[in-house]
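Peer 1: Show me the folded form of this:
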Amino acid sequence: MTDNIVNILKEKPIIIPKLLLKNYKKLNITEEEFIILIYIINLGDKMPYNPELFVQDLNIDKFKVMEIINNLLEKNIISLKIEKNKTNKSEEYIYTDLLYSKLTKLVIEDTPEPQDNLEEIFNSFEKEFGRTISPMEYELIKSWINDKIPQELILEALKEATYNGVSNMRYIEKILTEWQRKGIKNKEDVLKDKNNFKNAKKKEIEVYDYNWLEDE
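Peer 2: Below you'll find the predicted structure:
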């Protein structure tokens, strides 16, 4: 298979999207699947599902092609759609839309926060603490952001600490760790968690105040 790929590369240029080259392992794509995917991409955004094409160009077993195509389908990297061809006959086509959607999501997730937003969060800490944050505190906040903790959640943890009269970064970190454990991802989740806690406490009080002696 490798020799045939080399021959194809010599015969005509093969386009390999740089973003895919850098991120295919993040998408859980194997080397064999990557090669088949590149072949599909170079035939256009859609191609007829015909394993014989792969066999001819890549000298790979037909059933191996079918297995790899099925793997890519299960991983939601490609999709199959039945459409009418030029002769008005129904035919299966391979589409790569799902691949580009996944790559777009990776780009968005890897895009760093705008510097203005970072300054805003640092200013919020200094305002609540009533002082300039130290270099160590600055690095700790940056580490939370680099760990993909939403800035909205960091600010909520800051408010929670301030409400409890604590201006301590480790205390805020414990709040964030607890929220992550509970699956809390935004301000709305924080409010729901607080309401659930209040309701649970209210039920405990109601049970405690119940006059069991009169329940006869």
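
Peer 1: which sections of this structure are below the confidence cut-off?
Peer 2: In the predicted model of the chain, residues 1-14, 110-117, 197, 199-216 satisfy pLDDT under 70.

Peer 1: How is it partitioned into domains?
Peer 2: Following automatic domain parsing, one finds the domains of the chain at 2-107, 113-214.

Peer 1: And the strands in the protein?
Peer 2: Taking DSSP state E as the criterion, the chain carries its strands at 46-48, 79-84, 90-95.

Peer 1: tell me which residues in the last one are buried?
Peer 2: Okay, so that is strand 90-95. For strand 90-95, a neighbour-count test (16 or more other CB atoms under 10 Å) marks Tyr93, Ile94, Tyr95 as buried. All C-beta spots, glycine's among them, are computed from the backbone N, C-alpha and C.

Peer 1: Bridge partners for the last one, pull those for me.
Peer 2: Each beta-bridge partner of Tyr95 is listed here: Lys46, Ser79, as defined by DSSP bridges.

Peer 1: quick thing: my sequence starts at 68, can you match it?
Peer 2: Shifting the count to begin at 68 puts that one at Tyr162.

Peer 1: That one contacts Lys113, doesn't it?
Peer 2: Yes - applying CB atoms under 8 Å as the test, Tyr162 and Lys113 come out as touching, 5.0 Å apart.

Peer 1: Touching both of these two, which residues are there?
Peer 2: Jointly contacting Tyr162 and Lys113 under the rule CB atoms under 8 Å, 6 or more residues apart in numbering are Lys148.

Peer 1: Is it correct that Phe101 is in contact with Lys89?
Peer 2: No - applying CB under 8 Å, one finds Phe101 not in contact with Lys89, separated by 11.8 Å.

Peer 1: out of these two, which sits in the more crowded spot?
Peer 2: The neighbour count for Phe101 versus Lys89, taken as other CB atoms under 10 Å, is higher for Phe101 (19 against 11).

Peer 1: Against Leu120, how distant is that one?
Peer 2: Per CB to CB, to the nearest Å, Phe101 is found 17 Å from Leu120.

Peer 1: residues contacting Lys252?
Peer 2: The neighbours of Lys252, taking CB under 8 Å, 6+ apart as the test, are Pro217, Leu220.

Peer 1: now swap in Asn235 and tell me
Peer 2: Residues in contact with Asn235 (CB under 8 Å, 6+ apart) are Ala228.

Peer 1: cutoff 10 Å now
Peer 2: Listed by CB atoms under 10 Å, 6 or more residues apart in numbering, the contact partners of Asn235 are Phe196, Glu204, Ala228, Lys241.

Peer 1: got a list of what the closest residue to Val257 other than its chain neighbours touches?
Peer 2: Spatial nearest neighbour of Val257, chain neighbours left out: Glu223 (5.1 Å); criterion: CB to CB, 6 or more residues apart in numbering. By CB under 10 Å, 6+ apart, the contact list for Glu223 reads Pro217, Ile239, Ile242, Leu243, Trp246, Ile251, Asn253, Lys254, Asp256, Val257, Leu258.
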